[in-house]
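**Student:** The following comprises the amino acid sequence and a computationally predicted model.
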Amino acid sequence: MFALSHLYPAGIPSALALLAQFFWIIQIALVVHVLRTGRPYWWILILFIAPFIGGVAYVVVELLPGFHTPEGWWEAIKPRRWRIAGLREELEESETVTNRLKLADALFEAGEVKGAHAIASECLKGIFQNDPQTLVDVAKYKIGLGHHAEAYALLGKVDTTGNRLLGLQLQVMRGDCLTALQQFPEAEAAYESVVDRYIGEAPRAGLATVYERTGRAEQAAAIWKEILKKFRRAGPAWRRTELRWYKLAKAKLAAKRS
């Protein structure tokens with residue numbers, strides 16, 4: 001049996017001392033989490049001034065909301081491969097467009113873009129071949145595969161009448177396709193048409209990319225800095241959805257400084 005005396009040659013500390021060491025490790029882990037995920041820096045001050053209460057507050061305010069999903073907390077913490085396996089079983093039991101798109105989305109989030117595209121493309125048959133959301137989803141996977149011309153053509157078939165949010169998403173995706181196809185003026189116009197109405201950083205990140213690709217490095221850097229600043233000042237919900245753009249902005253600015 002493993003002897004604790006090997007870890008503590010000077011004598012095994014009391015239970016209180018062990019508990020203090022445990023909370024110290026947790027405190028350091030939370031501070032690292034603050035730095036890595038772009039949380040406001042004042043959390044670090046709280047964690048050092050009041051380690052236990054501050055740690056509990058950080059978990060409740062910043063971490064627990066991430067486990068609130070429509071399916072429940074278990075789905076939020078379930079390993080991704082388990083979720084994908086479960087969705088495959090659901091699709092085998094009930095061959096519906098909804099189940100197919102749910103599986104495709106899970107595969108895409110796991111980085112299996114080819115699989116997501118293959119699963120979702122099967123939905124573009126029969127009565128769903130012109131369904132706006134299905135067309136947008138398949139176009140998203142085509143973009144992920146680098147098939148930007150195909151994706152752009154597919155987006156041209158989407159009717160967003162009566163669906164404002166889908167229309168905004170469509171313009172951002174068009175901008176992404178046009179940027180990849182090096183049609184920069186058209187891409188810039190697409191992003192600018194929604195940048196003040198879109199909830200999220202995707203259009204601004206797109207504009208920054210266009211500025212970089214067209215020799216406007218300072219304008220691009222200004223946008224990346226704004227994205228970082230807004231991210232740190234925003235609430236937990238914003239930081240959960242916009243983490244991708246925070247990481248990209250951080251990487252872009254780091255590359256500019258090097």
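**Tutor:** Cool, got the structure. Residues are numbered from 1 along each chain as shown.
**Student:** What residues does Glu62 make contact with?
**Tutor:** Residues touching Glu62, when contacts are defined by C-beta atoms under 8 Å, 6 or more residues apart in numbering, comprise 39, 43, 236, 239. In short, each C-beta sits where N, CA and C put it, glycine included.
**Student:** Which of those residues fall within helices?
**Tutor:** Helix and strand membership here follows DSSP state H; of the contacts of Glu62, those in helices are 43, 236, 239.
**Student:** nearest to Gly146, of those?
**Tutor:** Set against Gly146, the nearest of the ones in helices among the contacts of Glu62 by C-beta to C-beta is Arg239 (29.0 Å).
**Student:** can you count the residues close to the closest one?
**Tutor:** One way to gauge burial is a neighbour count; for Arg239, by other C-beta atoms under 10 Å, it gives 20.
**Student:** Settle this for me: it is touching Pro40, isn't it.
**Tutor:** No. The pair formed by Arg239 and Pro40 falls short of the contact definition of C-beta atoms under 8 Å, at 9.3 Å.
**Student:** which residues do the two both contact?
**Tutor:** None of the residues lies in contact with both Arg239 and Pro40 under the rule C-beta under 8 Å, 6+ apart.
**Student:** Measure how buried Leu124 is and give me the count.
**Tutor:** With neighbours defined by other C-beta under 10 Å, the count for Leu124 comes to 17.
**Student:** any idea how far it lies from Ala180?
**Tutor:** Separation of Leu124 from Ala180 (C-beta to C-beta, to the nearest Å): 22 Å.
**Student:** any idea which helix or strand comes after the lowest-mean-pLDDT helix or strand in the chain?
**Tutor:** Here the helix or strand of the chain ranked lowest by mean pLDDT, DSSP states H and E is helix 73-77, holding a mean of 50. Next in sequence after helix 73-77, counting helices and strands by DSSP states H and E, comes helix 80-93.
**Student:** tell me the angle whichever helix or strand comes after that next one makes with helix 80-93.
**Tutor:** Secondary structure here is assigned by DSSP H and E; on that basis, the next helix or strand after helix 80-93 toward the C-terminus is helix 97-109. Per axes from the mean of the first three to the mean of the last three C-alpha atoms, to 10 degrees, the angle that helix 97-109 makes with helix 80-93 is 160 degrees.
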